[in-house]
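Undergrad: With the input below, show me the fold.
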Amino acid sequence: MSDIKFEIKEKVGVLSESPKGWKKELNLVSWNDKEPKFDLRDWSPEHDKMGKGITLSTDELKELKKILEDMKL
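TA: A predicted model of the protein is given here:
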């Protein structure tokens with residue numbers, strides 16, 4: 001399996017942190033030199049390891065924002 005190349009273009013925010021220092025972050029990430037997308041996943045303290053996550057286009061993030069605003073939390 002080939003290596004996955006990534007570059008964090010912008011750190012948007014941290015949602016939580018585990019006792020081991022891993023952080024669930026929303027970032028703008030370029031994967032394999034492609035157009036950056038919003039990315040939500042767990043990252044190790046050095047950002048050299050990552051958990052499974054999701055990537056969202058700007059339009060998808062806007063739709064998610066609308067959904068969250070309509071939720072009764």
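
Undergrad: secondary structure element for Asn27?
TA: Here Asn27, judged by DSSP states H and E, is contained in strand 23-31.

Undergrad: next SSE after that strand?
TA: strand 37-43.

Undergrad: chain center to that following strand: distance?
TA: Centroid displacement of strand 37-43 relative to its chain, using C-alpha atoms, centre = their mean, to the nearest Å, is 1 Å.

Undergrad: That one: which residues count as buried?
TA: Buried residues in strand 37-43, counted by 16 or more other C-beta atoms under 10 Å: Lys37, Phe38, Asp39, Leu40, Arg41, Asp42, Trp43. Any C-beta I mention is one placed from the backbone N, CA and C, and that applies to glycine too.

Undergrad: same thing with stretch 52-70?
TA: Using 16+ other C-beta under 10 Å as the test for burial, stretch 52-70 gives Leu61.

Undergrad: where does Met1 land on pLDDT?
TA: Per-residue pLDDT puts Met1 at 52.

Undergrad: ugh, wrong one, Ile4
TA: 86.

Undergrad: In this structure it contacts Val29, no?
TA: No - with contact defined as C-beta atoms under 8 Å, Ile4 and Val29 do not form a contacting pair (10.7 Å).

Undergrad: Mind checking which of these two has more residues around it?
TA: Between Ile4 and Val29, counted using other C-beta atoms under 10 Å, Val29 has the larger neighbour count: 22 against 8.

Undergrad: Nearest residue to that one in space, please, no chain neighbours.
TA: Closest residue to Val29 apart from its sequence neighbours, by C-beta to C-beta, 6 or more residues apart in numbering: Asp39 at 4.2 Å.

Undergrad: ditto for His47
TA: In space, His47 is closest to Ile8, 6.7 Å off (C-beta to C-beta, 6+ apart).

Undergrad: which residues sit in contact with that neighbour?
TA: Applying C-beta atoms under 8 Å, 6 or more residues apart in numbering, we find Ile8 in contact with Asn27, Leu28, Val29, His47.
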